[in-house]
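Peer 1: no sequence on this one, just coordinates:
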């Protein structure tokens with residue numbers, strides 16, 4: 001259906017989802033930690049007609065947006081994005097971006113909330129006005145992957161404007177961080193707050209017993225969390 005997509009490199013996975021507009025959306029991560037890509041389909045979100053035709057670049061500057069979903073109350077599209085490495089334990093933040101058509105989200109020239117990259121940002125000050133800042137920042141190296149907006153109508157009010165995000169966890173941080181699923185809550189002004197939802201994949205003694213990847217919701221409201229560390233799918237029930 002869709003052939004000749006960019007392959008290989010540091011971020012080789014692709015995520016596909018159908019949007020409420022009927023288009024098929026696809027993300028492809030960068031080929032590197034930080035670089036200027038020669039293939040403009042890298043570090044981007046694309047979209048296609050359902051039969052795979054009429055492919056187009058939808059948004060750019062997204063280093064590695066593995067997860068994306070639409071808020072059910074207004075159809076706004078949000079995508080997670082993994083920040084670059086090798087700038088220390090606490091910078092740059094990973095991101096949640098509100099995706100707009102033709103939007104540019106900074107990579108590789110701008111990190112996080114308007115910080116020029118020390119290697120690629122020189123002379124790129126003009127891009128600060130064009131780049132769209134994140135809607136929310138995750139801690140550096142937390143590696144947010146899947147995102148899912150809760151849709152089941154029986155949930156209490158607290159979870160009616162909520163997305164769950166899988167934090168895969170750090171691999172190159174001096175103290176491990178992430179390794180959990182968090183809930184993001186939107187208020188009426190689109191401000192976002194967070195809290196832990198499932199947080200025991202990183203044990204108190206430092207042992208890692210799981211790395212969350214993606215989240216789905218069953219027709220009965222059950223929440224399913226995939227874990228590629230143990231090859232497990234967990235089911236979470238609300239009581």
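Peer 2: Nice, thanks for sending it over. In this text, all values refer to a predicted model and were calculated from it rather than measured experimentally.

Peer 1: hmm, who's touching stretch 89-96?
Peer 2: Under the contact criterion C-beta atoms under 8 Å, 6 or more residues apart in numbering, stretch 89-96 has outside partners 78-84, 105, 111-113, 115, 134-144, 147, 165, 173-175, 184, 192. Where you see a C-beta, it was placed from the backbone N, CA and C, and this is true even at glycine.

Peer 1: no wait, stretch 200-207
Peer 2: Under C-beta under 8 Å, 6+ apart, the answer for stretch 200-207 is 169, 176-180, 208-212, 227, 229.

Peer 1: from those residues, which ones fall inside strands?
Peer 2: Applying DSSP state E to these, the entries found in strands are 180, 212, 227.

Peer 1: contacting residues for the last one?
Peer 2: The one in question is residue 227. Residue 227 touches 201, 210-213, 233-234, counting by C-beta under 8 Å, 6+ apart.

Peer 1: so what's the residue positioned nearest the centre of the chain closest to, chain neighbours aside?
Peer 2: Ranked by distance to the mean C-alpha position of the chain (C-alpha atoms, centre = their mean), the top residue is residue 80 at 1.5 Å. Closest residue in space to residue 80, ignoring its immediate chain neighbours: residue 144 at 3.9 Å, by C-beta to C-beta, 6 or more residues apart in numbering.

Peer 1: count of neighbours near the one you found?
Peer 2: Look at residue 144: counted by other C-beta atoms under 10 Å, it has 28 neighbours.

Peer 1: what residues are up against it?
Peer 2: 66-67, 80-82, 94-96, 138, 165-168.

Peer 1: export the ones in strands among the contacts of stretch 200-207 to JSON lines and tack on distance to residue 53 and pLDDT?
Peer 2: Converted to JSON lines, these look like this (distance: C-beta to C-beta, whole Å; pLDDT from 0 to 100):
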{"residue": "180", "distance to residue 53": "40", "pLDDT": "98"}
{"residue": "212", "distance to residue 53": "35", "pLDDT": "98"}
{"residue": "227", "distance to residue 53": "36", "pLDDT": "98"}
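
Peer 1: In a markdown table, list those residues along with distance to residue 130.
Peer 2: Formatted as a markdown table, those follow (distance: C-beta to C-beta, whole Å):
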| residue | distance to residue 130 |
| --- | --- |
| 180 | 34 |
| 212 | 33 |
| 227 | 38 |
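
Peer 1: Report the separation between the residue nearest to residue 80 and residue 23.
Peer 2: Relative to residue 23, residue 144 is positioned 23 Å away (C-beta to C-beta, to the nearest Å).

Peer 1: Spit out the contact partners of the residue lying closest to residue 159 once chain neighbours are set aside.
Peer 2: Among residues not flanking residue 159 along the chain, residue 150 sits closest, at 5.3 Å (C-beta to C-beta, 6+ apart). Residues in contact with residue 150 (C-beta under 8 Å, 6+ apart) are 159-160, 162-164, 217, 223.

Peer 1: quick one on the thing from earlier: now go through the contacts of residue 144 and say which are in strands.
Peer 2: 80-81, 94-96, 138, 165-167.
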